[in-house]
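Asks: Sequence plus predicted model, see below.
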Amino acid sequence: MEKSMFKFQVDEERCIECGECAADCPAGVITMDGKPRFNEEGGCFRCQHCLAVCPTGAVSILGKNPDESQALAGTFPTAAQMTALIKGRRSVRRYSDEKVAASLIDELLDVAGHAPTGVNAQNVLFTVVKERAVMNALRQEVMERLARLKESGGLPDGFIGQYMGGAVKLWQEEGKDIIFRGAPHLLITSAPKASHCPAQDTLIALTTFQMIAHAHSLGTVWDGLFMMALSLCPDLTERLGIPDEHLVGYAMAFGWPAVEYHRTVQRAPAQVNVVR
Ligand SMILES: Cc1cc2nc3c(=O)[nH]c(=O)nc-3n(C[C@H](O)[C@H](O)[C@H](O)COP(=O)(O)O)c2cc1C
């Protein structure tokens, strides 16, 4: 029963004809005719819900073997654990010298790649600094570029110019890096401007990365100051290998923290507008 393009296959011995794959298909391209039937001409967007929802692992699509998917029963963290992770996460601005192993970074990026994307585009690019030496070189380069702008009067009026001017001063006078907060690693997400939701996809991917990083006891900080530097030195994106046709979503510095938080902060209640 293999269909050419999407390789939709049903293991007839495993299939119990429950219809879950058809009921859950967001594009409605699966119908039940005893067994599931796939409409090749329909709007399948490769979400693999049919493979994921099948209780007996009978459905394969895109050449994926359902037995190679991670089984989920009983594996999710509890709500209390997720609440502690979300409320206990802090922006980390002090980092240890220890580098994060490349294999762990790869694992985190693999998880972040499971973040949802509009129309399942899955085209977020993760641009990552894995090596401390590369990070130090980038830090130096950014500071030098900003210093040159400052010296030539090229910093804009307003808060961006003030922040960047202050960052240069701290770097030059105290060797203090408030742009990357001394972090040993940096992650930038970008996506093709022409895709459906590049701004949303890139931020969701970075948020997902942030949460799995903190679950591993790593520290992260959203890097708005680097985004400001990037807006003043836009050619840096080329230097970082980010394609010209990409929208840069945001940047996040990360590494092993040199700080430990012992309790949550106490935020004001969420502002809620209930529609009646
Ligand atoms: C979009 C965004 C940009 C940020 N940029 C920076 C930054 O450039 N440097 C920094 O130290 N913190 C930055 N932060 C961290 C915020 O200051 C921080 O989230 C806020 O103070 C709340 O603290 P918490 O994250 O520890 O809860 C940024 C946060 C967000 C969401």
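Replies: Structure's in. What do you need?

Asks: Now do the contacts for residue 32.
Replies: Neighbour list for residue 32: 17, 19, 22 [criterion: C-beta atoms under 8 Å, 6 or more residues apart in numbering]. For the C-beta atoms, the positions are set from N, CA and C on the backbone; glycine is no exception.

Asks: Among those, name the buried ones.
Replies: Among these, those scoring as buried are residue 22 (criterion: 16 or more other C-beta atoms under 10 Å).

Asks: and of the contacts of residue 32, the nearest to the ligand?
Replies: residue 22 (40.8 Å; C-beta to the nearest ligand atom).

Asks: In which helix or strand does residue 44 reside?
Replies: If you go by DSSP states H and E, residue 44 is not part of any helix or strand.

Asks: That one is in contact with residue 29, isn't it?
Replies: Yes - Residue 44 is in contact with residue 29 according to C-beta atoms under 8 Å; the separation is 4.9 Å.

Asks: So these two - more neighbours on which side?
Replies: Between residue 44 and residue 29, counted using other C-beta atoms under 10 Å, the more crowded position is residue 44 (24 against 19).

Asks: List the contacts of stretch 85-103.
Replies: With C-beta under 8 Å, 6+ apart as the test, stretch 85-103 has contacts from 77, 130-132, 181-185, 210-211, 214-215, 218-222, 253-259, 261, 264-265.

Asks: Buried subset of those residues, written for PyMOL?
Replies: Here is the PyMOL selection string for the buried members of the contacts of stretch 85-103, based on 16+ other C-beta under 10 Å:
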select buried, resi 130+132+181+182+183+184+185+210+211+214+218+219+220+221+222+253+254+255+256+257
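
Asks: ok, which of the contacts of stretch 85-103 also contact the ligand?
Replies: Contacts with the ligand within the contacts of stretch 85-103, as defined by C-beta under 6 Å from any ligand atom: 181, 221, 222.

Asks: so how far is residue 135 from the first one?
Replies: Going back to what we said before, that points to residue 181. Per C-beta to C-beta, to the nearest Å, residue 181 is found 11 Å from residue 135.

Asks: Out of the contacts of stretch 85-103, list just those in helices.
Replies: 132, 210, 211, 214, 215 (DSSP state H).

Asks: What parts of this protein come near the ligand?
Replies: Selection of the chain residues close to the ligand by C-beta under 6 Å from any ligand atom yields 90, 91, 93, 181, 221, 222, 223, 224, 225.

Asks: For the fifth one, which residues are in contact?
Replies: By that I understand residue 221. 91, 92, 93, 181, 183, 252, 253, 254.

Asks: what number of residues lie near residue 199?
Replies: Residue 199 has 15 neighbouring residues, counting by other C-beta under 10 Å.

Asks: Kindly report the same for residue 114.
Replies: 10.

Asks: Please tell me I have it right and it contacts residue 209.
Replies: No - counting by C-beta under 8 Å, residue 114 does not reach residue 209; the two are 10.5 Å apart.
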